[in-house]
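Chemist: What follows is a predicted protein model with its sequence.
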Amino acid sequence: MKFEQPRLPYAPDALLPVISPETIAYHYGKHEKAYIDTLNTLIEGTEFADKTLEEIILHSEGKLFNNASQAWNHIFYFFQFSPVGQKEPGGRLRDRIDIEFGGFEEFKRMFEEAGATLFGSGWVWLSSDGDGKLFITQGPNAGNPITSGLKPLLTFDVWEHAYYIDYKNVRAEYLRKLWDIVDWNIIEERYNS
Ligand code: MN
């Protein structure tokens with residue numbers, strides 16, 4: 001199966017002032033596209049050609065894993081944002097956040113801290129296990145919690161290409177601003193699915 005890059009569900013300037021159209025042009029238009037193009041080249045004519053993206057991530061390593069997982073991660077990342085999204089979690093996800101992290105503000109602080117202290121390139125994740133328990137984890141490079149049996153709910157990309165155009169070297173400010181565009185309705189749907 002050849003993978004297609006999904007179109008963004010918002011305009012390139014819709015996430016201003018948090019993410020600029022220039023960052024969208026490079027991060028979505030060049031980086032995400034390159035991971036998907038390379039993935040398609042790598043699987044052509046191989047045993048992976050008919051597999052789902054998740055199957056490839058779970059059963060590959062090296063260059064193929066890196067490109068498959070980066071394709072998955074970027075699609076997941078860009079689809080969690082909206083300029084008019086729900087600004088806070090509700091429902092049973094909110095209840096779990098309050099219980100496990102001591103409130104939404106404390107959760108955000110811990111999540112930002114995990115993103116800020118991840119050395120080098122990678123991703124910070126909120127995931128859940130089969131019992132609905134929540135986990136904040138750091139994943140280096142192309143890491144993805146599905147390789148640990150967890151269900152990803154939310155991720156912030158902390159590769160420099162994600163923020164350097166808009167925030168230069170100030171990763172912490174980028175992480176703090178991202179909350180303004182996270183659509184918690186989408187995160188709740190992921191949690192409840
Ligand atoms: Mn990225």
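Modeler: Perfect, thanks for sending it.

Chemist: What ranges does this structure have for its strands?
Modeler: In the chain, the strands defined using DSSP state E lie at 122-128, 134-140, 151-157.

Chemist: Point out the most buried one among those strands.
Modeler: Of all those, strand 122-128 has the most neighbours on average by mean count of other CB atoms under 10 Å, namely a mean of 23. In this view, the C-beta of every residue, glycine as well, is placed from N, C-alpha and C.

Chemist: will you turn the strands of the chain into TSV that also has distance to the ion and mean pLDDT?
Modeler: Formatted as TSV, the strands of the chain follow (distance: least, CB to the ion, whole Å; pLDDT from 0 to 100):
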stretch	distance to the ion	mean pLDDT
strand 122-128	8	98
strand 134-140	12	96
strand 151-157	4	98
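
Chemist: got the CA positions of stretch 49-59 in CSV?
Modeler: The C-alpha trace of stretch 49-59 is given here as CSV (Å, rounded to 0.1, in the frame of the first residue of the first chain):
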residue,chain,number,x,y,z
ALA,A,49,4.2,-3.2,0.9
ASP,A,50,0.7,-4.5,2.0
LYS,A,51,1.1,-3.7,5.7
THR,A,52,-0.5,-1.0,7.7
LEU,A,53,1.6,1.8,9.0
GLU,A,54,1.2,0.5,12.6
GLU,A,55,2.3,-3.0,11.5
ILE,A,56,5.4,-1.6,9.8
ILE,A,57,6.3,0.3,13.0
LEU,A,58,5.9,-2.8,15.1
HIS,A,59,7.9,-5.1,12.9
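
Chemist: For that stretch, which outside residues touch it?
Modeler: In this structure, residues lying in contact with stretch 49-59 by CB atoms under 8 Å, 6 or more residues apart in numbering are 1, 3, 39, 43, 48, 64-65, 68-69, 71-72, 144, 146-147.

Chemist: the domain parsing of this protein - what is it?
Modeler: Per the record, the chain has its domains at 21-78, 91-192, by automatic domain parsing.

Chemist: just to revisit the earlier point, between the strands of the chain, which one is closest to Q86.
Modeler: Smallest distance to Q86 across these (CB to CB): 12.8 Å, for strand 151-157.
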